Structures are given as C-alpha cells and as structure tokens.
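Asker: Let me see the structure of the following:
(one chain, ligands or ions: 1)
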Amino acid sequence: MAMNRVVVLGGYGAVGREVVSGLHGYVPEIVVAGRDLVKARAVDGAIPMRIDLRSDDIERLDADAVVMCAESENVRVAEMCLRRGVHYVDVSASYEVLAGIEKLGATKATGVLSVGLAPGVTNLLAREFGGAGVEIGVLIGSGERHGPGAVEWTLDSLGDLGESWRMRFPPPYGIRTVRRFPFSDQYTLPGDVRTGLCLDSRALSALLPRLKRFRDVAPLRAVFRHVHLGGDGFAVAVASGGRVRSFAGRRQSRATGLAAALVVRRLDGMPPGVRHIEDVVGPDFLPELAAHGFELGEYDSG
Ligand SMILES: NC(=O)c1ccc[n+]([C@@H]2O[C@H](COP(=O)([O-])OP(=O)(O)OC[C@H]3O[C@@H](n4cnc5c(N)ncnc54)[C@H](OP(=O)(O)O)[C@@H]3O)[C@@H](O)[C@H]2O)c1
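Answerer: As a prediction, this is how the structure comes out:
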C-alpha cells in the first residue's frame, strides 16, 4: 500500500515537526495534528487538524499511517489504528506504553515501536552486537530546546534514577558517568541490558540524583522547560565485549523525528503485526539516518 496520507499526532511538537520535514517529498498528504489549530497551521507544507487524543476525535481519522509523537492515550490510539488497517509508528520511550501496544495481538496493519534515538538508534546499535549483553549510554544536550513532552517524561522518570557506571562517549565527550534511567530499550531488548543517562554539562549531570527529590516542584519543572544551559549536541554509546558503537550529532529531537520518517518510508511491504524497530529495518537504516548530518562511530571502551 502506497503512503498517500500520513497523520503526525503531535506534529507541531519538537519531534513531530522533524517527522513532517522528513516526510516532505515522499508523502503527498501530511497532516499535522494536535489540540492547537493555530500551531498546526504554522507548519509549512502540511494539512492542519485539531485533534484531542483524550476524546473520540481519533475515531474519525483518515490515514494510511499515523506517527504518534504525543504521549497521550498511545495504546488506545494504536489499537484504533491497527484494528482499522492503518499503520502505526510510535516514538514513545515509556516501557509501559510499548508493553501495552505489544499486547494488542493480531492486527490488520503494521505497528512499529522503539522508534527514535533511545529507544530506536540504541536498539539498532545493540543489534549489531548480536544479542550479547550490552550497556547503553545516552548523553543529552541540556542546551537543546527539548519539547515539553520530552522534558515532562524526563522529570517524571527521575524518580527511577538508579545505579551509576562509566561509559566512553565519542569525542568531544569522552568518559562520563551515566545513571540508570528507565528508557524502554533495556526492557525490550533481549539479554542483559542496562541504559544510563547523563547530560553534556558535567555539573548538571552530577546534580541529577539530587534533583530527584524535587522533581515534582513546579518552579523546578518550569526552569527545566525554559532554561537552556549547555549545548544541543547528543550522543548514544552502546558497549559490549570491550567495543563501543556510537551515534552522535546535534538536536536529538531532529534525530528522533528523522528516524520516524525513515520508518514510515519503509512501511510499504512490511508484514502486519507489532514489532520493534530492530525487527523491521535492515543494516542500511543507520547509515541512511547518519547521512542527515549525524555520525556513526566504533572504538574501544577502555
Ligand atoms: N524515542 C526517542 O528517542 C524520543 C526522543 C525524544 C522524544 N521522545 C518522545 O516523543 C514524545 C514527544 O516529545 P516532544 O519533545 O516532541 O514533545 P512536545 O514538543 O511537547 O510535543 C508533543 C506534541 O503532542 C501534542 N499533544 C499533547 N497532548 C495531546 C493530546 N491530548 N491530543 C493531541 N495532541 C497532543 C502537543 O500539542 P498540544 O499540547 O498543543 O496538543 C505537541 O504537539 C514524548 O513522548 C517523548 O518522550 C522520544
């Protein structure tokens, strides 16, 4: 089935608008949907649509594929799409969301989960180690204008911050301390896997365990939404058996959105059913994503 009409839910968010730009020239009709029609109208080259995912609006959706870039009602939206033969791609990093969608059983269309940077690129780098136990490190630029959705998810997840370990990231970052963080990749990948987070700013990174106690304080959440200290670079590193594979660049929202757009462009011909990215794309995927200004690397972990 050709992709003639794709709806991007949360399409004017930080990730969503990158999905839209990655689909331009490949999909004739791109619909940008969210609760604010004015913001949807501001996205160039797309059809604006007002949708509140917490209502029945989604029942009226007309699309060949839907890309979910809003963390709201994901399982219900996935079920509605896949039951009606509409392909579904989700960038969520929440294991509970992905586990709920995995349980939907037989579907008429393709559902692709673990799409983006972490999960997403991290799953694909881990696959290159052939299922051996891996350690994953995610370094995020604290100066990037992350979307409110991603900031809320990160602050909510601070409660689950766990043990720390050292990982070597590609230059200029070097060896950093990461703290276990509930990215979904470590729960859906096979074998012994753990995923840790750090920020590009060493000072802010060291503060993370202390911020955990104050994560529900409204002014602190506002500071994280509006203050951008540090750069907009990111890097993910996946280590196993003394070797590290990495993917790095600027603006993780862009990397995530472009990864989702590349998945949409491969949906045609995928079998029905719900799968994670590492089960549906080939070894050409990461080099194609990296060609958009990102860098793949491989080096010793010592
Ligand atoms: N896999 C990865 O590597 C990765 C990386 C980054 C982010 N993410 C995930 O991607 C998601 C989006 O992140 P983001 O940074 O793009 O956040 P964002 O900028 O806040 O975008 C969220 C979008 O969803 C829309 N939305 C929220 N609630 C909605 C509702 N009830 N109905 C319709 N639309 C709704 C928002 O618009 P309105 O509020 O105006 O409706 C907005 O357009 C988050 O879940 C984040 O965790 C994953």
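
Asker: which ones are touching the closest residue to residue 302 other than its chain neighbours?
Answerer: The shortest distance from residue 302 to any non-neighbouring residue, by C-beta to C-beta, 6 or more residues apart in numbering, is to residue 242 (6.8 Å). (C-beta placed from N, C-alpha, C; glycine too.) The contact partners of residue 242, taken as C-beta atoms under 8 Å, 6 or more residues apart in numbering, are 300, 301, 302.

Asker: between those residues, which has the most around it?
Answerer: residue 301 (15 neighbours; other C-beta atoms under 10 Å).

Asker: just checking, that one touches residue 170?
Answerer: No. Under the criterion of C-beta atoms under 8 Å, residue 301 is not in contact with residue 170, lying 11.8 Å apart.

Asker: Tabulate the contacts of residue 242 in JSON lines, adding columns for distance to the ligand, secondary structure and pLDDT.
Answerer: Output for these, formatted as JSON lines (distance: C-beta to the nearest ligand atom, whole Å; DSSP: H, G, I helix; E, B strand; the rest coil; pLDDT from 0 to 100):
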{"residue": "300", "distance to the ligand": "26", "secondary structure": "strand", "pLDDT": "96"}
{"residue": "301", "distance to the ligand": "23", "secondary structure": "coil", "pLDDT": "93"}
{"residue": "302", "distance to the ligand": "28", "secondary structure": "coil", "pLDDT": "82"}
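
Asker: Looking at the residues you listed, which is nearest residue 203?
Answerer: Lowest distance from residue 203 to the contacts of residue 242 (C-beta to C-beta) belongs to residue 301, with 24.7 Å.

Asker: Give me the phi and psi for that closest one.
Answerer: phi -80, psi -20 (degrees, to the nearest 10).

Asker: how much space between it and residue 54?
Answerer: 45 Å (C-beta to C-beta, to the nearest Å).

Asker: Could you tell me which residues make contact with the residue positioned nearest the centre of the chain?
Answerer: When the chain is reduced to its mean C-alpha position, the nearest residue by C-alpha atoms, centre = their mean turns out to be residue 116, at 3.3 Å. If you count contacts by C-beta under 8 Å, 6+ apart, residue 116 has them with 15, 91, 93, 255, 256, 259, 260.

Asker: sec struct for the fourth one, please.
Answerer: What that stands for is residue 255. Of the three states, residue 255 takes helix under DSSP: H, G, I helix; E, B strand; the rest coil.

Asker: and the residue lying closest to it once chain neighbours are set aside, how many neighbours does it have?
Answerer: Sequence neighbours aside, residue 117 is the residue nearest to residue 255 in space, at 4.9 Å (criterion: C-beta to C-beta, 6+ apart). Using other C-beta under 10 Å, the number of residues around residue 117 comes to 29.

Asker: contacting residues for residue 117?
Answerer: 138, 234, 236, 247, 252, 255, 256, 259.

Asker: Distance check, residue 112 against the ligand.
Answerer: 12 Å (C-beta to the nearest ligand atom, to the nearest Å).

Asker: Identify the residue spatially nearest to that residue, adjacent ones excluded.
Answerer: In space, residue 112 is closest to residue 89, 4.8 Å off (C-beta to C-beta, 6+ apart).

Asker: got the contact list for that neighbour?
Answerer: 65, 66, 67, 68, 111, 112, 115, 260, 263, 264, 267.

Asker: Looking at strand pairing, list the partners for it.
Answerer: Beta-bridge partners recorded for residue 89 (DSSP bridges): residue 67, residue 112.

Asker: so residue 66 makes contact with residue 79?
Answerer: No. Taking contacts as C-beta under 8 Å, residue 66 lies outside contact range of residue 79: 11.8 Å.

Asker: which one of the two has more residues nearby?
Answerer: residue 66 (28 against 19).

Asker: So that one versus the ligand, what's the distance?
Answerer: 12 Å.

Asker: got a list of what that residue touches?
Answerer: Going by C-beta under 8 Å, 6+ apart, the list of residues near residue 66 reads 6, 7, 8, 9, 77, 81, 86, 87, 88, 89.

Asker: show me which of these neighbour the ligand.
Answerer: Restricting the contacts of residue 66 to those touching the ligand (C-beta under 6 Å from any ligand atom) yields residue 9.

Asker: Need phi/psi at residue 118.
Answerer: The phi/psi pair for residue 118 (degrees, to the nearest 10) is phi -140, psi 90.
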